[in-house]
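**Q** from the sequence below, what's the structure:
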Amino acid sequence: MKKQFKNQHRTLESFGYEFLVICPHCSKHAKVTSLGEPYPFLKDITKRFLCTYCGVSKDLVPKKNRAKQNIISYGPNYKKEFISIGGAFDWYFGYPLVLQIPCCGKTLWAYNREHLMYLKSYVEAELREHYPYYLSVESMLPNWIKSAKNRKLILKAIAKLEERLFHDT
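**A** Residues are numbered from 1 along each chain as shown. Model (predicted):
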C-alpha cells in the first residue's frame, strides 16, 4: 500500500518553538527557545540561546516597530533587524541550524526534530492530499522537495540529519 500524507495545515511558525543550532563559540549543538509562547507575532517575549557544552547563554527581546509590533521578514536570508523566518538559521540570532544538508543542489533544512519528521512524512508519501492551506508548510515547500524524482535523495539526506540528532559534533 502506498504511503499517504494528509495535510495538517501546519505553518512554519508552528515549528518555531525550538531551533537546534550550531554554537558560534564552540561549534557544538545548542538551542534557541522562547521563554514564553513561541509564536514570533507575540511581543515582549524573551528568546534565549543556550549552549550546554560551553555554557554560553544570550537573551533577546525582538525589536518592535512604531506600532509596537514585532518586525518580521520572510525569506531565505537572515536580517539582523528583523525576526527572519524561512531559512537555514534560527529566527532571532541568525545562528546556523544543525539540521541542514546539501541536497539536489539546494539546502534541505529543519528547525528541530518535529519539523524534520514532518518533512520526512511529506517526502516519503507517494499520495499527497491536494489543496493545502495556502500558508501551510506543504504549500510553501519548493518544487524540488515536492518532486517524486528527488524522493530517494531527499530521504537519504533526511536519514543523515536524523543521525545528527543523536551524534553531537
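**Q** any buried residues in the strand or helix carrying E163, and which?
**A** Per DSSP states H and E, E163 falls inside helix 151-166. By 16 or more other C-beta atoms under 10 Å, the buried positions in helix 151-166 come out as I154, A157, I158, L161, R164. Using the backbone N, CA and C atoms, a C-beta is placed for each residue, glycine as well.
**Q** now tell me which helix or strand of the chain has the poorest mean pLDDT.
**A** One helix or strand of the chain scores below all others by mean pLDDT, DSSP states H and E: strand 127-128, with a mean of 82.
**Q** now do the helices in this structure.
**A** Secondary structure of the chain by DSSP state H: the helices cover 113-124, 137-140, 143-146, 151-166.
**Q** the ones you listed: lowest mean pLDDT?
**A** Mean pLDDT is lowest for helix 137-140 among the helices of the chain, at a mean of 86.
**Q** what lies in contact with that helix?
**A** With contacts defined as C-beta atoms under 8 Å, 6 or more residues apart in numbering, helix 137-140 is touched by F5, N7, R10, T11, L12, F15, Y118, L119, Y122, R128, P132, Y133.
**Q** buried stuff in it?
**A** For helix 137-140, a neighbour-count test (16+ other C-beta under 10 Å) marks V137, E138 as buried.
**Q** let's see that helix as CSV, backbone CA atoms only.
**A** Provided in CSV are the C-alpha atoms of helix 137-140 (Å, rounded to 0.1, in the frame of the first residue of the first chain):
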residue,chain,number,x,y,z
VAL,A,137,4.4,24.2,5.2
GLU,A,138,3.5,21.8,2.4
SER,A,139,2.1,24.6,0.2
MET,A,140,5.3,26.6,0.6
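**Q** thinking again about what came up before, would you turn the contacts of helix 137-140 into TSV with distance to C23 and neighbour count?
**A** Listed next are these as TSV, based on distance: C-beta to C-beta, whole Å; neighbours: other C-beta atoms under 10 Å:
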residue	distance to C23	neighbour count
F5	34	17
N7	35	16
R10	28	17
T11	28	15
L12	23	17
F15	21	20
Y118	25	19
L119	24	23
Y122	29	19
R128	36	16
P132	35	19
Y133	35	13
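**Q** now H115. Nearest residue, chain neighbours left out?
**A** Excluding the flanking residues, the one nearest H115 by C-beta to C-beta, 6 or more residues apart in numbering is F15, at 4.1 Å.
**Q** which residues touch the one you found?
**A** Listed by C-beta under 8 Å, 6+ apart, the contact set of F15 reads A110, Y111, N112, E114, H115, Y118, V137.
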